[in-house]
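J.: sequence first, then the predicted structure, then my questions.
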Amino acid sequence: MTTPILPTVPPTVPTDAVAEIIHDTRAVQAIEDSLRAANQTQALANFANAATGVYGISGSGKSSLADTAAEFAWAQFHATSLCYMADLGGFGSKRISLVRLGIMRVWDPRNHVNPFETMELCSLGAWPETIDDPETGRAAPDVRLILPRRLRTTLICPQGHHVAVFDNSAELAAAQIPCPTCKVITSMVNGTTTRHVVRHRMFKTVGHRIYDSMTELNDWGMAELGTMSARGQLPIGKEGGSMLGSADALRQGVVVYGGGSPAQVGFMQNRTYGWIANIRAIPDQVLPATLTFAVEQGKADDDSGGVPILGPQIAGNARTAKVPRWVGNCLHASREPNDEGNMVHRLWLTTHLDRRDVRAIPYLAKHRGIPLDMPDYLEDPWHGDKATRDALAWSVCSLGVFYGLLQAQLTKLEAADRARYPQAPGLYDSAAAGDIDEVMGEVVTPSLLNLPSAGPRIPASAGQTLGARRAALRIPGQPPAPAAPAPAPTATTPAAPLERTRVTPVGAPPPPAPSPSPIVAQLEASLNALQAAPPTARPIRLRTPGGVRMPGVPGVPVAPSTGNAGAAASAAGVGSTAETAAMAPVPPPSPAPTAAAPSLRLPARRTPRPPV
């Protein structure tokens, strides 16, 4: 697609101010939800929790079906409809009649400055402050767009007088205004503020919106991206190129043309998703917003189950199968022959095939009701007399009839479910629930010394070190003391893993004491047997200043033959302290040796050679 660059009117609203408006709108969505019921009749069902998408080829009746939704909104709720008329094909006499009656208002946004900013504000429910021609929907390109909900801030002087009202926080932060009453210069430094959520007077009776069409909004966005590409206005990526496509342009005379790119198509698809998400959150809706689309054949990928499908058209065709998931009701409008071969208008409510299509590609369609009393399609009756047939046009093939079927189905379902569930609590009321939480149980945190995985503590005698306790279990040269038999395994549950906390219900008995680990029990028995042994079998303590051990004779220290006692001790693996613990009992006296025991000779200390 190529787009010529034409002169544009400079924007009158700063970008940061628009971003702040959007932020404030989303910040009060919770308040909007609570005020949603102000403009609707509680006796009727409100299905405005998602948008309704209607797609079809040109001439299938999409715009006429949108008009039937506007008539139903007025007949049932006395709510007017706002129509964002982006379709270049315009609209006909029926819509002009509704506009003159005040049931509908139209606006053509395509001549407004900053197309993407305009489309974003439209998706948030904004509307021009003034429209020059109500019947055509033309307004000034720089007309101010008003959101349905705004945060209004009132500046109050130190004496408590109202000074001024602001819709923009940036203007409030820079304001220094004399108080009309006491003449004190008031700003955010010395004054106070109050904030209120307000609704503009022109939205008082609005309860339904029509976007005719979303496909044209995508085409408008693609054309604007081409223009921005030719001007070099697209953002630059890390690699130096444009993030949304090449900025190459075709120049001829004074006109510059820019092209599209796959990245721009993906951008428009993402924005369409965001716009539909914004539309479903517009406040005061009594009917789902009506979105119209053209028809597109989507790709046979995972989103379509691997088969080609026909569905709503947006930029590209990679997400055609996803668009029905973005709306609540996705309906297909067509003009096709009935069983007698007469051409009639149909509004399909379920996925179907066109018997004239030799490819047998399914058209996606769905509704948020259940099959009870819901037909596969709504079809206008055929009559041989043309005047009668024309008078019956859009009498059955109508969004008003569709919503009436959903309301009747809901009434029947509610009566049946009330009889089936007589004890149902009804709508949840947070005020009736009270402010006292119910106590469900007591949280018990066991001591670290009683944790099941840690086992019981091993008692230690006075002055006994951990090394001595461990050495008692491995006496060199002597068979180990008989260990006490391990406790017989019982049917109890093995030791549970470490638990930080345990919740015990109120009034429940305490948990049983954990059983000791078999390894810990064996260690305890071995230590007790060692302490009950004769004194000769107990380890003794020898004080040998600077002594070292004789190789092969444990427990007998031998004085070093030469040199430093500390070095000899280090060579034998013993410290230079005066105390060493024997690792075995004293052996019995042995016969006199025939030869003197060899003395331990330490290696001579080498003197380092001086450097040359």
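T.: Noted; the coordinates are in hand.

J.: the stretch 301-450 of the chain: helices as residue ranges?
T.: 323-326, 386-391, 399-420 (DSSP state H, counting those that start in this stretch).

J.: can you lay out these as JSON lines showing mean neighbour count?
T.: From N, CA and C alone the C-beta is placed, and that goes for glycine too. As requested, the helices of the stretch 301-450 of the chain are exported to JSON lines (neighbours: other C-beta atoms under 10 Å):
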{"stretch": "helix 323-326", "mean neighbour count": "20"}
{"stretch": "helix 386-391", "mean neighbour count": "10"}
{"stretch": "helix 399-420", "mean neighbour count": "15"}
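
J.: could you dump the ones you listed to CSV with mean pLDDT?
T.: Output for these, formatted as CSV (pLDDT from 0 to 100):
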stretch, mean pLDDT
helix 323-326, 94
helix 386-391, 90
helix 399-420, 93
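
J.: Throw these into a markdown table and include distance to Val163, thanks.
T.: Formatted as a markdown table, those follow (distance: least, C-beta to C-beta, whole Å):
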| stretch | distance to Val163 |
| --- | --- |
| helix 323-326 | 45 |
| helix 386-391 | 62 |
| helix 399-420 | 48 |
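
J.: closest to Val344 out of the ones you listed?
T.: Val344 lies closest, by C-beta to C-beta, to one member of the helices of the stretch 301-450 of the chain: helix 386-391, at 9.3 Å.

J.: need the contact list for Phe293.
T.: Shown in contact with Phe293 (C-beta atoms under 8 Å, 6 or more residues apart in numbering): Gly53, Val54, Tyr55, Lys62, Ser213, Met214, Thr215, Pro312, Gln313, Ile314, Val323.

J.: ok, and what's touching stretch 128-138?
T.: Against stretch 128-138 from outside (C-beta under 8 Å, 6+ apart): 83, 85, 96, 99-100, 105-108, 111, 139-140, 143-146.

J.: just the ones in helices from these, please.
T.: Residues of the contacts of stretch 128-138 located in helices (DSSP state H): Ile96, Val99, Arg100.

J.: run a quick neighbour tally on the second one.
T.: The number of residues packed around Val99, counting by other C-beta atoms under 10 Å, is 20.

J.: renumber starting at 21 from here on
T.: Sure, I'll start numbering at 21, so the last one becomes Val119.

J.: how near is it to Lys224?
T.: 18 Å (C-beta to C-beta, to the nearest Å).

J.: burial measure for Ile77, as a count.
T.: If you count neighbours by other C-beta under 10 Å, Ile77 ends up with 12.

J.: for the spatially closest residue to it that is not a sequence neighbour, list the residues it contacts.
T.: Once flanking residues are discounted, Ile77 sits nearest to Val315: 5.3 Å by C-beta to C-beta, 6 or more residues apart in numbering. Contacts for Val315 were tallied using C-beta under 8 Å, 6+ apart; they are Tyr75, Gly76, Ile77, Leu330, Gly331, Pro332, Gln333.

J.: helices of the protein, residue ranges please.
T.: Under DSSP H, the chain gives helices at 35-47, 49-54, 82-97, 113-121, 135-143, 189-194, 234-251, 282-299, 343-346, 406-411, 419-440, 486-491, 538-551, 585-591.

J.: pLDDT below threshold where in the stretch 421-570 of the chain?
T.: Within the stretch 421-570 of the chain, the stretches with pLDDT under 70 are 466-537, 553-570.

J.: ok so, going back, which of the contacts of Val315 count as buried?
T.: Buried members of the contacts of Val315, scored by 16 or more other C-beta atoms under 10 Å, are Tyr75, Gly76, Leu330, Gly331, Pro332, Gln333.
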